[in-house]
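Q: Everything below, folded, please.
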Amino acid sequence: AEGRFFWLDVSLSETSREDLVGALGLHERALGALRSTGDGYASRAFHADGESVAFALRCYVEREPEQEHAGYRLRPMELQVLITNDYLLTLHDERVSLPAVLAPDLPPGRSKGYVVYSVLDAMLATTFDALDEVELRLDTLVTAWTEGDGGGVPRATLRHAGARLATMRRWVSNEQAIFERVGLETEALRDFGTAEEPYFDRLDDQVDRLLTSIDAAANAMGMVLDLQLNERAYVLSVVATIFVPQRRCCDVSWCARSSSATSGSAAHRPAARKLLDRASGIQGARILCPSARRAATPVPSSTPKATM
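A: Below you'll find the model as predicted:
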């Protein structure tokens with residue numbers, strides 16, 4: 001690079017760590033900080049020794065068309081970042097070219113701090129894109145629910161969206177603490193001059209906005225669930241208000257019919273009983289409730305009154 005600060009993106013699927021150490025002359029401590037992406041604690045790893053700063057981040061890249069999960073186009077990818085006086089190194093296991101995916105604006109003649117800021121800001125932008133995917137999915141569900149037949153929001157879709165938001169927030173919260181330390185530790189690197197350039201303050205603001213947007217999306221999803229539950233509760237209350245009194249009315253009709261049927265013909269009792277059995281359904285309630293009102297009227301006595 002002839003003394004110029006440069007960005008080097010390396011895929012471990014194409015280059016071994018031994019070759020990387022030999023080519024760049026990495027110190028053992030810095031190399032140890034670049035943990036493998038399968039390490040569950042990699043997001044909390046941070047190393048700074050006055051000559052280099054190493055930490056782990058995540059960004060989002062496009063899936064292959066046959067690998068789309070729950071309809072989301074972007075997938076998370078973990079990577080390690082190493083900042084030295086001479087270069088910025090991004091290390092990952094994927095066969096992906098981050099300079100081509102992120103495409104940060106790196107005009108010639110800018111400072112080292114600006115190069116690091118532009119690359120990290122482009123990584124954060126991919127998280128904003130992934131969040132937009134979730135928000136658009138929720139908007140589509142709400143529109144289909146309000147303008148459709150009211151069939152409800154698919155639970156599987158909401159589960160995927162909720163899990164994606166929860167994971168995204170956990171990662172971004174870790175990155176918030178990392179960016180705060182990166183701004184401080186890079187000031188100790190030679191010729192970085194970040195104290196006079198508030199680039200990392202802008203990254204802190206970006207992370208704050210990202211966390212606020214994630215929380216807003218989670219609250220919106222909670223409102224959708226509340227509205228759906230309230231609608232079901234309203235329907236159940238309406239059903240209980242209308243049909244429970246009708247069932248009681250039909251029970252009264254059955255008792256009145258049973259008492260009055262003792263004076264009728266025995267040949268008509270099975271047909272009457274079959275008709276009254278329909279009172280357990282909605283249509284039976286509609287048919288029998290008028291007869292309940294008739295049955296509630298006094299039955300005239302068949303015995304003629306004695307005349308004086």
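
Q: Where does the prediction get shaky in the stretch 201-308 of the chain?
A: Within the stretch 201-308 of the chain, the ranges that satisfy pLDDT under 70 run 225-308.

Q: Now with 90, please.
A: For the stretch 201-308 of the chain, the stretches flagged by pLDDT under 90 are 201-202, 217-308.

Q: Which of the three states applies to G50?
A: Under DSSP: H, G, I helix; E, B strand; the rest coil, the three-state class of G50 is coil.

Q: What is the burial count for the closest residue to it other than its chain neighbours?
A: In this structure, G50 finds its nearest non-sequential neighbour in A188, 5.3 Å apart by C-beta to C-beta, 6 or more residues apart in numbering. No exception for glycine: its C-beta is placed from N, CA and C like everyone else's. Counted by other C-beta atoms under 10 Å, the residues lying close to A188 total 13.

Q: and A188, backbone torsions?
A: phi -80, psi -10 (degrees, to the nearest 10).

Q: In terms of pLDDT, where does it sit?
A: With respect to pLDDT, A188 scores 81.

Q: what does E64 give?
A: The model's pLDDT for E64 equals 77.

Q: G32 too?
A: 64.

Q: Next: L102.
A: pLDDT at L102 comes out at 94.

Q: H69 too?
A: Value for H69, per-residue pLDDT: 57.

Q: all helices in the chain, in order from the N-terminus.
A: 17-24, 28-33, 98-102, 112-147, 155-185, 199-261, 269-277, 282-295 (DSSP state H).

Q: Run through the neighbouring helices and strands of the shortest one.
A: Under the contact criterion of 3 or more C-beta pairs under 8 Å, 6 or more residues apart in numbering; DSSP states H and E, the helices and strands touching helix 98-102 comprise strand 6-11, strand 52-62, helix 112-147.

Q: Pull the number of nearby residues for the nearest residue to Y72 once chain neighbours are set aside.
A: Excluding its sequence neighbours, the residue lying closest to Y72 (C-beta to C-beta, 6+ apart) is E133, at 5.5 Å. Using other C-beta under 10 Å, E133 is surrounded by 16 other residues.
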